[in-house]
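Chemist: what follows is a predicted structure for the sequence shown.
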Amino acid sequence: MTAKKKPAPKKVAKKEEAGVVDIKIPRSNKTPQTVRGFRDILPVDQVYWDYIRKVAPEIANAYSYDYIDLPILEEASLFVRSVGEETEVVNKEMFVFMDKGGDVVSLRPEATASIARAYINHGMLNLPQPVKLWYMGPMFRYERPQSGRYRQFYQFGCEVLGEKSPVLDAQLMIMAYSFCKDLGIDVVLQVNSLGTPADRKEYVKKLTSYLKSQMKYLDEQAQETFARNPLRLLDSKDEKVQAVLEDAPQILDHLSDESRKHLMSVLEYLDELSIPYELNSKLVRGLDYYTQTVFEIWGANDDRKGQLALGGGGRYDNLIKELGGRETPAAGFALGLERIVLKLKEKEQPLPPLFKPQVLVAQLGDAPRRKAMALFEELRKEGINVIEAFSKSNLKQQLDIANKRGVRYTLILGAAELHDGVVLARDMEGGMQETIPFKKVAKEIKKRFTEEYLLAHPKKK
Ligand code: AMP
């Protein structure tokens, strides 16, 4: 007789052990709304996002970064160990909850920690180094919503792991800069070095002793920040704090030779490429994992006081080791896409849509519609930018749509055309009409969009 298998322990037991209480979902008759800080990105705004989705892979591919999809939900401890327990992001802003299995999970507030986890989990240290990865997707932080600050926001980010060369720090900055530049946004980089952990420790000692002598000028909130992390006072927006900091020791004066050499080398690359940057010794970034180079991307003409950075990044040479991997130098950046969209909206010239329809297939009646649908598919497969309005039966309505969408030709198919095996091609610039046999439509339309033809038949307006 075979031994009976023990029944698998019930999941419920774990849930009960963890003290999970089932949440009663309140019933409501009100029209549902989005959750505060979350929003729909409507079709009218998608033209901006289309450009972002076009330019991001162009930049990433040019520098040989491979795309990676990362989960939106991670173990909450991943962020505590990487971003840092005493950081605002972890301390105040994480969407943390216990799932039904009793695991404490968090919506990701950023993606660098997940990249480091993925690098370890998938043994990427065995791949040729450096490993270059890019991502784009939503992040979640429980912040006070305001313009340019949401609880769900999108980031485009690039991370390079496995090499320490300063050329990679510079390259990341050049990529972030070029992404903005390609979208027509003027930016200036803010660059600093936080040195090695040993450098930073020494500097924090000096800064602490200076700040202690100035305590009477700091209010309660500043003193609290000081107690948590004195470095965080450096990028305080409070004018009184900034006044106190005027005579404070600067980290750039306290770097070891190794750190100074690394920074100088990064700056030389930026100089060579005429990338606009400012050395900003008050830039510390809000996340604990950074070592050596840190940087942010600021709008070139933005008011420095209410400054909302478009993005930021830096080196994190110790993160992978701290998460249990081998010692692996790494660096990366993330750009906030809502803030990029705000910049695109500020531009005087509106962005033209990326999809420019060339032809509309119009039809009159049931049998012509069936043929028109087949013709539409044929033209689409031929790579012609064709649109339709098959739910309309009135020709005027279809021509109005053609005009509104700015197509050059409307191909009209009525009962007579169907009978003769032709379409009526109407040039929307001036209204000239000619018949084209079904079989020749794709070829004839393509011909009409060649450069020579368009030059010989210019638009009227
Ligand atoms: P961080 O790593 O926190 O500096 O975030 C990088 C970039 O993400 C920032 O420069 C912003 O552009 C963007 N970002 C961060 N938090 C938010 C938010 N709550 N809403 C919109 N964008 C954000």
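Modeler: Yes, it's here. Not measured: the values here are computed from a predicted model.
Chemist: neighbours of the residue nearest to Leu308 when sequence neighbours are not counted, how many?
Modeler: Nearest non-adjacent residue to Leu308, counting by C-beta to C-beta, 6 or more residues apart in numbering: Gly148, 4.9 Å away. In short, each C-beta sits where N, CA and C put it, glycine included. Close neighbours of Gly148, defined as other C-beta atoms under 10 Å, add up to 16.
Chemist: what sits against Gly148?
Modeler: Going by C-beta atoms under 8 Å, 6 or more residues apart in numbering, Gly148 touches 308, 336, 338-339, 342.
Chemist: nearest to the ligand, of these?
Modeler: Using C-beta to the nearest ligand atom, Gly336 comes nearest to the ligand of the contacts of Gly148, at 2.0 Å.
Chemist: out of the contacts of Gly148, which touch the ligand?
Modeler: Among the contacts of Gly148, the residues lying close to the ligand (C-beta under 6 Å from any ligand atom) are 336, 338-339.
Chemist: where along the stretch 351-461 of the chain do the helices fall?
Modeler: Applying DSSP state H, counting those that start in this stretch to the stretch 351-461 of the chain gives helices spanning 366-381, 395-405, 415-420, 441-448, 451-456.
Chemist: what about those, which gets the closest to the ligand?
Modeler: Closest among the helices of the stretch 351-461 of the chain, once you apply C-beta to the nearest ligand atom, is helix 395-405, at 32.7 Å.
Chemist: just put the helices of the stretch 351-461 of the chain in CSV and tack on mean pLDDT, distance to the ligand and mean neighbour count.
Modeler: What follows is the helices of the stretch 351-461 of the chain, written out as CSV (pLDDT from 0 to 100; distance: least, C-beta to the nearest ligand atom, whole Å; neighbours: other C-beta atoms under 10 Å):
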stretch, mean pLDDT, distance to the ligand, mean neighbour count
helix 366-381, 97, 37, 16
helix 395-405, 97, 33, 15
helix 415-420, 97, 53, 14
helix 441-448, 95, 43, 16
helix 451-456, 84, 40, 9
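Chemist: any chance of those helices in TSV, plus distance to Val359?
Modeler: Formatted as TSV, the helices of the stretch 351-461 of the chain follow (distance: least, C-beta to C-beta, whole Å):
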stretch	distance to Val359
helix 366-381	7
helix 395-405	9
helix 415-420	15
helix 441-448	6
helix 451-456	14
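Chemist: which of those sits closest to Asn61?
Modeler: helix 366-381 (26.1 Å; C-beta to C-beta).
Chemist: which helices and strands does the closest one pack with?
Modeler: strand 359-363, strand 386-388, strand 409-413, helix 415-420, helix 441-448 (3 or more C-beta pairs under 8 Å, 6 or more residues apart in numbering; DSSP states H and E).
Chemist: okay, these in a markdown table with distance to Leu319 next?
Modeler: Output for these, formatted as a markdown table (distance: least, C-beta to C-beta, whole Å):
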| stretch | distance to Leu319 |
| --- | --- |
| strand 359-363 | 53 |
| strand 386-388 | 49 |
| strand 409-413 | 57 |
| helix 415-420 | 66 |
| helix 441-448 | 53 |
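Chemist: of these, which is nearest Tyr67?
Modeler: Closest approach to Tyr67 among these is made by strand 386-388 (29.8 Å; C-beta to C-beta).
Chemist: in its sheet, what does that closest one sit against?
Modeler: Note on strand 386-388: by DSSP bridges, its sheet partners are strand 359-363 (parallel).
Chemist: how much space between the closest residue to the ligand within the stretch 351-461 of the chain and Asp50?
Modeler: Residue of the stretch 351-461 of the chain nearest the ligand, by C-beta to the nearest ligand atom: Leu351 (19.6 Å). Between Leu351 and Asp50 the distance is 9 Å, computed by C-beta to C-beta, to the nearest Å.
Chemist: get me the contact residues on the chain for the ligand.
Modeler: Residues of the chain that fall close to the ligand, judged by C-beta under 6 Å from any ligand atom: 110, 141, 143, 148-150, 153, 155, 286, 309-312, 334, 336, 338-339.
Chemist: mind listing what's buried along stretch 382-397?
Modeler: For stretch 382-397, burial by neighbour count (16 or more other C-beta atoms under 10 Å) applies to 384, 386-389.
Chemist: can you give me the end-to-end span of it?
Modeler: For stretch 382-397, the first-to-last residue distance is 26 Å (C-alpha to C-alpha, to the nearest Å).
Chemist: just how off-centre is it within its chain?
Modeler: Chain-centre distance of stretch 382-397: 34 Å, with C-alpha atoms, centre = their mean, to the nearest Å.
Chemist: got a list of contacts for it?
Modeler: By C-beta under 8 Å, 6+ apart, the residues outside stretch 382-397 that reach it are 355-365, 369, 372-373, 376, 379-380, 398, 401, 405, 407, 412, 442, 445-446, 449.
Chemist: what does stretch 260-276 give?
Modeler: 166-167, 169-171, 173-174, 177, 187-189, 191, 193, 252, 255, 277, 279, 292-293, 300.
Chemist: past the least confident helix or strand in the chain by mean pLDDT, which element shows up next along the chain?
Modeler: Lowest by mean pLDDT, DSSP states H and E among the helices and strands of the chain is helix 11-17, with a mean of 50. Using DSSP states H and E, the next helix or strand after helix 11-17 towards the C-terminus is helix 46-62.
Chemist: sheet partners, orientation included, of whatever helix or strand comes next after that next one?
Modeler: Going down the chain from helix 46-62, the next helix or strand is strand 66-67, by DSSP H and E. Pairing partners of strand 66-67, with direction, according to DSSP bridges: strand 131-140 (parallel).
Chemist: among the contacts of stretch 260-276, which ones are buried?
Modeler: 166, 169-171, 173-174, 177, 187-189, 191, 193, 252, 255, 277, 292-293.
Chemist: so how far is Gly123 from the closest residue in space to Phe153 that isn't next to it in sequence?
Modeler: Take Phe153 and drop its neighbours on the chain: the residue closest to it by C-beta to C-beta, 6+ apart is Glu338, 5.1 Å away. Counting by C-beta to C-beta, the gap from Glu338 to Gly123 is 35 Å.
Chemist: more neighbours: the two, which one.
Modeler: Glu338 (20 against 9).
Chemist: helix, strand, or coil at that one?
Modeler: Here Glu338 is recorded as helix under DSSP: H, G, I helix; E, B strand; the rest coil.
Chemist: that one contacts Tyr154, doesn't it?
Modeler: Yes - using C-beta atoms under 8 Å, Glu338 is in contact with Tyr154, at 6.6 Å.
Chemist: from the residues of the chain next to the ligand, which land in helices?
Modeler: If you go by DSSP state H, the residues of the chain next to the ligand have 338-339 in helices.
Chemist: who's in contact with the residue in the stretch 101-250 of the chain that the ligand sits nearest to?
Modeler: Distances between the stretch 101-250 of the chain and the ligand by C-beta to the nearest ligand atom are smallest at Phe153, namely 3.4 Å. By C-beta under 8 Å, 6+ apart, Phe153 lies in contact with 138-139, 141, 336-338.
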